[in-house]
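In: next one to model:
(2 chains)
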Amino acid sequence: MPIHPSLIRKLRRIVGRKQVETGPAELLVYESDGLRLHTARPGCVVYPASTDEVSQLVKACCQAGVPFVPRGAGTGLSGGAISDGGVIIQLSRMNRVLAIHPDDRYAVVQTGVTNNDLSLQTRAYGLEFAPDPSSGVSCTIGGNVAEDAGGPHTLKYGVTHNHVLGQTVVFPDGETATLGGPFPVSTGPSFSSFLIGTEGTIAITTEIIVRLVPVPPAVITMLAIYSKVADATDAVSGILAAGVLPAALEMIDNLCIQAVEAHLKAGFPTDAAAVLLIELDGEETLMKRDAETVARVCREQGAAAFYTAETEEERLRLWQGRKHAAGALGKITHAFYTNDGVVPRSRLTDIFQAIYRIGDEYGLRIGNICHAGDGVIHPQILFDSDDPRGSERAMACSRDILLACLEMGGSITGEHGVGVEKRGYIHRMYSAADLAHMIRLRDGFNPGDHLNPGKIFPSDNKDDETGSVTSIPSGARE
Amino acid sequence: MTKEPSLTSSGWPDPGGTLQPRERSQVGELIIQARSRQVTIGSPQATYRWDLSRLDRVVSFHAPDMILTVETGLTLNAVKDIVEAEKLWLPLDMPGGGERSLAEYLSGDDSLSWLSHRYGTVRDWIVGLTALDDRGREVTSGARVVKNVAGYQLAPLYIGAGDALGPIVEVSFRLLPLPVPATVVWWQADNPDPLVAIWQQSRRISHPSGRGEPWEAFRLEHLDGQWRLDGLTRFPPETAAAWGSSAVVESGEAVAETDAPPREGQKNALQSDIRIQVFPTQVPELLASLHSLGVELTCYPAAGVVQVGRLDGLKERSDLESFLAAVADKGGRVQPMTADVPVKLPAPTSLSADRVLMTRVKRILDPEGIFGLLPVEQW
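Out: Residues are numbered from 1 along each chain as shown, chains lettered A, B, ... in the order given. Coordinates of the predicted model:
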């Protein structure tokens, strides 16, 4: 149902005529986020430039009873920033770094600042914002907050909630609040911390106070090459058991290696079953000792070869190979579906066996990118987009992988969020009482579910797109 | 069910007593009974408080996963012993030497230590949490894995809420590999200035040509008339001692201690009454003022935190009260750490947005107030 012209007029009065899009061609961009398999057409898109404008927009939408969805760069991978007929509040104009306080090590940013832009500015002071999702070039800090984003270096540095000190938010009734504060540590309950990872279902974040940490003085990046995936995953446990905490501990398997080498030539041997990319950072003396330990463990666990990047150029090339591994798959397939699950670290070997078996059962090729140190897996399920049932089979394959993660004591999402993609599985992770408790909180702050409706929790009244459940579990609503 | 000597005819202790469930299922039963009896259990203002010390099971621990799930009756020291036996580490130090139960630490609001600036506070290490809701049902959020973003994470709401949203009965911690033994270097002086200068010098970032930050934590103390700065590093003692002697020390000497540093509470003799929080850049001025007032204190300078104690012996309390009011006026945070602080603290002009929202959370999750008042409602 189109949005009533009177609301469109109201929105234009708030943000200006040119800052509201209603044309089908313009709306096309907003039909999906990074998860292209879930699409929905919004009624319009508005581009506010301030917290006050966001507040006014929200009030206008509420009065009209029209749902609204905050959106950053649209790089999310769980369909968290799409709206079926509602208003997309596109926050990309709010892209200023408002202040950097190097001596007190924090910065204040608007929600639409990208990780990359923030890092460029803070690195001048020898400081950085630690979370580094692979989409850091374009993803926004507001998006990081919504999803509690991680990235390869969170093994050592933690995720977004460990690095956000405070935020300014707009609630679904248009009220604004500034939460937390710039002091380096806080104790006690924190509503600001609670909001991180709620996927924009309780409030819209418009400004963020982030902690800055010193850029490590030195880095060592190593590559271990394996002819068996199981040896690589065993080495992951071995490194940590040896008392080494790498800044990053990543794995990619053969299919992704093939794609990377066809596209980027990062230097990964194409006959390897898997490679581990291991990065240490910190003080040089301490790192050298750890690097020796890592090399020894990797060899003991059957590494066919082990290299250390000798130059910054080599190091960056290895990281390019890792960070663009998913994109490189586009060179060998027309379509692929990115899964995001977690297992306890000791079950990595088991989950990879399960992934390959499930892929075989569906007749689908799967390449794997993995934050191995965290137990986070990102199987990339390749499918034929010309096959009318191709995407359906890929999603079914993804479902089986997630169920395998849960059977192994893991989670359905490590960093991409639930969004619409996985809302049909959340009841497999939590009991009806658990979900009821969470939904009480959502309904308490977002009555009527006008803000980002239908995300995280299964809907009451319509079939779930994933097909795994058709309604909210009995008892999950009071 | 209770350790209180004085019981009513119904088997419940007299009001003001403590409820000590033997097992998890009893926690929910007691909540249901409390509802029917129209009494409150939980927060410091409730009719009854919890003592969960008998809920002390290790629920799951597989060292290679670096995740420990325990009931909250275990003491922090017991948790540390369990993980350190497997060469793992939970980088938390707590007041009281870790002898209190996790439930007490999680309920309260005093978990800062000298490790907090580098490693965060307790909520940074909890990946999963189980509490009881107002109907006596267990509710869980999070998971027993390092990373998980499925659903809402309740830990930031429940930790420090004084059991006023419900008792926390189980938590999962993520752990780190046990690091190499730490070295502690300390300096002593008769005033804070040279010690602050050492800390400031250490904080200067000279990257990329310099060595960055070799220090993991600093603690500055004024106890028994002596000022002392402790610096914690993972470098070996001989290296650290060399930095110590080359540092700017106007009075005092640098000594390298080779043993692992004692846990915070085992070492720290100061029972703090007040916590002051400012920006790290404001710490030198704050310490100079507190030095002139003669108060005893523990300071975590990188965190901008100063904890003041032993105020009973302070002669000029009004000077401290004026000073604290001035700190609050300039945007610093002043909060009590005990129920009966012997000086008057500045009254907050308004409740912070966080506290207002926490009261809203309280109304949502416990509309009948079965768990008593939120501690923040009293501030």
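
In: list the contacts for residue A:154?
Out: For residue A:154, the contact set (CB atoms under 8 Å, 6 or more residues apart in numbering or on different chains) comprises A:130, A:131, A:132, A:371, A:374, B:147. Using the backbone N, CA and C atoms, a C-beta is placed for each residue, glycine as well.

In: how near is residue B:78 to chain A?
Out: The spacing between residue B:78 and chain A, counted by CB to the nearest CB, to the nearest Å, is 22 Å.

In: okay, the residue lying closest to that residue once chain neighbours are set aside: pLDDT?
Out: If the residues on either side of it in the chain are set aside, residue B:78 comes closest to residue B:56, at 7.5 Å by CB to CB, 6 or more residues apart in numbering or on different chains. Confidence at residue B:56, expressed as pLDDT, is 97.

In: gap between the helix or strand bottoming out on mean pLDDT in chain A and the chain center?
Out: Among the secondary structure pieces of chain A, namely its helices and strands, helix A:325-328 has the lowest mean (mean pLDDT, DSSP states H and E), a mean of 88. Distance of helix A:325-328 from its chain centroid, counting by CA atoms, centre = their mean, to the nearest Å, is 16 Å.

In: output the contacting helices and strands for it.
Out: helix A:254-263, strand A:366-371 (3 or more CB pairs under 8 Å, 6 or more residues apart in numbering or on different chains; DSSP states H and E).

In: could you verify that the residue nearest to residue B:78 is part of a strand?
Out: No. When the secondary structure is assigned by DSSP: H, G, I helix; E, B strand; the rest coil, residue B:56 falls in coil instead of a strand.

In: re earlier: in strands, which of the contacts of residue A:154 fall?
Out: residue A:371 (DSSP state E).

In: using a markdown table, lay out the contacts of residue A:154 together with distance to residue B:39 and pLDDT.
Out: Below are these laid out as a markdown table (distance: CB to CB, whole Å; pLDDT from 0 to 100):
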| residue | distance to residue B:39 | pLDDT |
| --- | --- | --- |
| A:130 | 46 | 94 |
| A:131 | 45 | 95 |
| A:132 | 51 | 91 |
| A:371 | 48 | 96 |
| A:374 | 45 | 95 |
| B:147 | 41 | 95 |
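
In: tell me which parts of the stretch 51-200 of chain A are close to chain B?
Out: With the criterion set to CB under 8 Å from any CB of the partner chain, the stretch 51-200 of chain A comes near chain B through A:101, A:103-105, A:125-127, A:147-148, A:150, A:154-155, A:158-159, A:161-162, A:177-194, A:196-198.

In: before we move on, the earlier item: of all the helices and strands packed on helix A:325-328, which one is nearest chain B?
Out: Comparing the helices and strands packed on helix A:325-328 by their distance to chain B (CB to the nearest CB), the top pick is strand A:366-371, with 7.5 Å.

In: so which helix or strand takes in the nearest residue to residue A:48 once chain neighbours are set aside?
Out: Using CB to CB, 6+ apart and skipping the chain neighbours, the partner closest in space to residue A:48 is residue A:54 (4.8 Å). When secondary structure is defined using DSSP states H and E, the element that contains residue A:54 is helix A:51-64.

In: pull out the buried residues from that helix.
Out: Of all the residues in helix A:51-64, those buried under the rule 16 or more other CB atoms under 10 Å in any protein chain shown are A:51, A:53, A:54, A:55, A:56, A:57, A:58, A:59, A:60, A:61, A:62, A:64.

In: low-scoring stretches of chain A, by residue?
Out: Within chain A, the stretches falling below the threshold (pLDDT under 70) are A:1, A:460-478.

In: next one: residue A:347 from chain B, what distance?
Out: Distance from residue A:347 to chain B, by CB to the nearest CB: 8 Å.

In: how many neighbours does the closest residue to that residue other than its chain neighbours have?
Out: If the residues on either side of it in the chain are set aside, residue A:347 comes closest to residue A:408, at 4.3 Å by CB to CB, 6+ apart. By other CB atoms under 10 Å in any protein chain shown, the residues close to residue A:408 number 19.

In: cool, the one 5 residues further on as well?
Out: Other residues within reach of residue A:413 by the criterion other CB under 10 Å amount to 30.

In: can you verify it is assigned to a strand?
Out: No. Using three-state DSSP, the secondary structure at residue A:413 is coil, not a strand.

In: next up, the contacts around it.
Out: Counting by CB under 8 Å, 6+ apart, residue A:413 makes contact with A:78, A:340, A:341, A:342, A:422, B:148, B:149, B:150.

In: any chance of those in a markdown table, plus neighbour count and distance to residue A:281?
Out: Formatted as a markdown table, the entries for the contacts of residue A:413 read as follows, by neighbours: other CB atoms under 10 Å in any protein chain shown; distance: CB to CB, whole Å:
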| residue | neighbour count | distance to residue A:281 |
| --- | --- | --- |
| A:78 | 27 | 30 |
| A:340 | 26 | 25 |
| A:341 | 30 | 27 |
| A:342 | 31 | 24 |
| A:422 | 28 | 33 |
| B:148 | 29 | 25 |
| B:149 | 32 | 25 |
| B:150 | 26 | 29 |
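
In: what about residue 357, how many neighbours?
Out: Since you didn't name a chain, this refers to chain A. When counting by other CB under 10 Å, one arrives at 11 neighbours for residue A:357.

In: meant chain B actually
Out: By other CB under 10 Å, 26 other residues sit near residue B:357.

In: could you measure from it over to residue A:55?
Out: Computed as CB to CB, to the nearest Å, the residue B:357 to residue A:55 distance reads 16 Å.

In: go on, residue A:124?
Out: In this structure, residue A:124 and residue A:55 are separated by 33 Å, where distance is defined by CB to CB.

In: residue B:90 too?
Out: For residue B:90, the distance to residue A:55 under the criterion CB to CB works out to 41 Å.

In: what's the most buried one of the helices and strands packed on helix A:325-328?
Out: Ranked by average neighbour count under the criterion mean count of other CB atoms under 10 Å in any protein chain shown, the helices and strands packed on helix A:325-328 are headed by strand A:366-371 at a mean of 26.
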